[in-house]
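Asks: Predicted model and sequence follow; I will ask about them next.
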Amino acid sequence: MSSVRPIVLLGDPRLRLRGETVDSFGKPLHELLDDLTATMRAAPGVGLAAPQLGEPLRACVVEVESRLYELVNPMIVRSDGTDRDLEGCLSVPGYVAYVTRKEKVWVVAQDRRGKKFKVAGSGLLGRAMQHELDHLDGKLFIDYLETMDELIAVGTGPADDEAETADDAVGASRVRTRKAVRALS
């Protein structure tokens with residue numbers, strides 16, 4: 001039975017811990033992966049890493065286009081190109097920023113039973129995998145910014161969507177940033 005757990009927020013030192021290699025693929029790991037998935041979906045987001053639940057382990061989940069990826073001990077083995085887009089994080093609620101990442105990444109990971117597999121991702125999947133793997137190293141998307149002035153504050157409630165008008169100079173940007181906030185962990 002999975003549980004929705006509290007997400008660790010910016011300022012909590014557990015977010016900066018480097019995840020330890022997972023070497024046991026039994027029930028505790030399965031429960032953690034299930035909790036990560038339930039918490040990510042409830043947030044809602046498209047990814048969540050174990051350190052965001054206060055667990056210093058190298059495990060995360062990513063869900064894009066209704067496909068769930070459980071990544072245990074993941075590692076980027078190849079990357080190509082660059083892509084700059086808005087990114088948000090469930091551990092830094094209410095803010096997004098433009099972050100440059102690799103356009104496509106190839107990741108080798110293990111599943112919940114320890115079996116190795118490979119996955120390649122570009123677009124949202126590639127960005128989400130890079131974002132979550134950063135969490136496993138204690139790194140946040142804000143670490144890519146030169147200054148915190150680059151952060152864009154966004155509303156997170158449904159009423160904010162209806163409050164925007166054509167006269168709102170940043171209205172279109174807010175719509176895009178809301179999508180980014182919901183997109184990544």
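Replies: Yes, it's here.
Asks: can you list the residues that contact stretch 97-106?
Replies: By CB atoms under 8 Å, 6 or more residues apart in numbering, the surrounding residues in contact with stretch 97-106 are 76-87, 118-122, 126-127, 129-131, 141-142, 144-145, 150-152. For every residue, glycine as well, the C-beta is placed using N, CA and C.
Asks: Show the average pLDDT along it.
Replies: Here stretch 97-106 scores 98 as its mean pLDDT.
Asks: What residues sit buried inside that stretch?
Replies: Neighbour-count burial for stretch 97-106 flags Ala97, Val99, Arg101, Lys102, Lys104, Val105, Trp106 (criterion: 16 or more other CB atoms under 10 Å).
Asks: Now for Asp80, how many residues are close by?
Replies: Number of residues near Asp80 (other CB atoms under 10 Å) recorded here: 12.
Asks: wait, I meant Phe141
Replies: By other CB under 10 Å, the residues close to Phe141 number 27.
Asks: need the contact list for it.
Replies: Glu87, Gly88, Cys89, Val92, Ala97, Val99, His131, Asp134, Leu184.
Asks: about what we covered before: from the contacts of stretch 97-106, which land in strands?
Replies: 76-80, 83-87, 118-122, 152 (DSSP state E).
Asks: Could you turn the buried ones of the residues you listed into a ChimeraX selection?
Replies: The command below creates a ChimeraX selection of those among the ones in strands among the contacts of stretch 97-106 that count as buried (16+ other CB under 10 Å):
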select :86,87,119,121,152
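Asks: my read is Pro51 is in a helix, agree?
Replies: Yes: under DSSP: H, G, I helix; E, B strand; the rest coil, Pro51 sits within a helix.
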